[in-house]
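build me a model from this:
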Amino acid sequence: MHADYVLHALLAISALHLAHLRPRARHSYWTMGVQLYQTALGKAKLAMEHISEENCTELYLFSTLTCFFSLAKNGDVAARSGQGEDVDEEETDLLSWVFLFRGTKALLMQPCETTLKSGALGPMFERGEDRARMLQAYSAADAASVTDELRETVRSHVPDAVECEVYGDAVQHLQRSFHAVYSRPLKSIETTDVFVWLFRVSDEYIDRLKAREPPALAIFICFSVLVQQLRGIWWAQGWGEWIARRLRYRLRDQESSLADKLMEQLMKFG
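Residues are numbered from 1 along each chain as shown. Sure, this is the predicted structure:
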């Protein structure tokens, strides 16, 4: 309560949730949510200029809530797009939330890491790390063969050795997530199982995704399939299919072929 920008961010997400639940009053709740978030953002930016052990917990919470707020906005746009509304003007940046999500890693460095993991959020981090370790433990029957086949697919579309290594590593991490998600019942899947991939991939891959490099977009389209599996979460409904369609518009035939081939293999190995 002493960091009111966290409270405002939480209420902003609540407003978008109500907009989702009560479509007749959508505009009112949506407007309220955006206003609450803008209020929170202004105060959080000031706090971010002086990150310390004293304020890193609330800043981590705000950063995480910002990611979910962005996802909720995308989810709303996706839903209205599916209903035939023209939402082109709202698609300013389809992937902005990815880089916000990735940015929370900066707060998981010393000295803040110790404070975060030993403080009020400790149980949350412990639970997340347990799920991440479980994901790492999952492996396909013949992991080496799977990795080789996926990397060969990347190599056939990305001839440059350095680029191939960057994308091959991203695909290898994605395969682990596919196997973890598709090897258990849908009702037992948690958000960590899906979004841990964004923490595992390299900075080099993220840089290429920011630059909208076609192979990076092709791999991200495959990731969107995992988001589709979070069917019990309101902000994820319809989002995966929608962003995959939007990103495909930006691909040439070669990269679209890469997305299709990787998807086929990932589903098979999952």
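
which SSE is immediately downstream of the strand or helix carrying A72?
Taking DSSP states H and E as the definition, one finds A72 inside helix 56-82. Downstream of helix 56-82, the first helix or strand assigned by DSSP H and E is helix 96-103.

rounded mean pLDDT for that following helix, please.
In this model, helix 96-103 has a mean pLDDT of 82.

got the CA coordinates for the helix or strand following it in CSV?
Past helix 96-103, further along toward the C-terminus, the next helix or strand under DSSP H and E is helix 112-118. Extracted as CSV, the C-alpha positions of helix 112-118 are listed here (Å, rounded to 0.1, in the frame of the first residue of the first chain):
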residue,chain,number,x,y,z
CYS,A,112,18.2,-6.8,-5.6
GLU,A,113,18.1,-10.6,-6.2
THR,A,114,18.8,-11.5,-2.6
THR,A,115,16.2,-9.0,-1.4
LEU,A,116,13.5,-10.2,-3.8
LYS,A,117,14.1,-13.9,-3.2
SER,A,118,14.3,-13.6,0.6
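
show me which residues of helix 112-118 are buried.
Going by neighbour count (16 or more other CB atoms under 10 Å), the buried part of helix 112-118 is 112, 115-116. Using the backbone N, CA and C atoms, a C-beta is placed for each residue, glycine as well.

ok, G238 - contacts?
Residues in contact with G238 (CB atoms under 8 Å, 6 or more residues apart in numbering) are 75, 78-79, 82.

now it: how far from R26?
Using CB to CB, to the nearest Å, we find G238 at a distance of 15 Å from R26.

and if you look at A3?
For A3, the distance to R26 equals 29 Å [CB to CB].

now do E126
Counting by CB to CB - E126 and R26 are separated by 38 Å.

among these two, which residue is more densely surrounded?
More neighbours surround R26 than the other of E126 and R26, with 17 against 11 (other CB atoms under 10 Å).

hmm, H17 and the more buried one touching each other?
No - between R26 and H17 there is no contact under CB atoms under 8 Å: 11.3 Å.

give me the number of residues near Q254?
Neighbour tally, Q254, other CB under 10 Å: 13.

that should have said E264, apologies.
12.

what pLDDT does it get?
Each residue has a pLDDT score; the one for E264 is 88.

likewise A143?
pLDDT for A143: 59.

circling back: okay if I get the buried residues of helix 112-118 as JSON lines plus pLDDT and distance to V196?
Output for the buried residues of helix 112-118, formatted as JSON lines (pLDDT from 0 to 100; distance: CB to CB, whole Å):
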{"residue": "C112", "pLDDT": "89", "distance to V196": "20"}
{"residue": "T115", "pLDDT": "92", "distance to V196": "22"}
{"residue": "L116", "pLDDT": "91", "distance to V196": "17"}
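
any chance of the residues you listed in JSON lines, with distance to E49 too?
Listed next are the buried residues of helix 112-118 as JSON lines, based on distance: CB to CB, whole Å:
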{"residue": "C112", "distance to E49": "15"}
{"residue": "T115", "distance to E49": "18"}
{"residue": "L116", "distance to E49": "19"}
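
just curious, which of those is nearest to F68?
Checking the buried residues of helix 112-118 against F68 with CB to CB, the nearest one is L116 at 17.8 Å.

which residues of the stretch 151-270 of the chain score low on pLDDT?
Across the stretch 151-270 of the chain, the ranges flagged by pLDDT under 70 are 269-270.

how far away is the closest residue to G82 other than its chain neighbours from Q35?
Leaving aside its chain neighbours, G82 sits nearest to G238 (5.5 Å; criterion: CB to CB, 6 or more residues apart in numbering). As judged by CB to CB, G238 and Q35 stand 25 Å apart.
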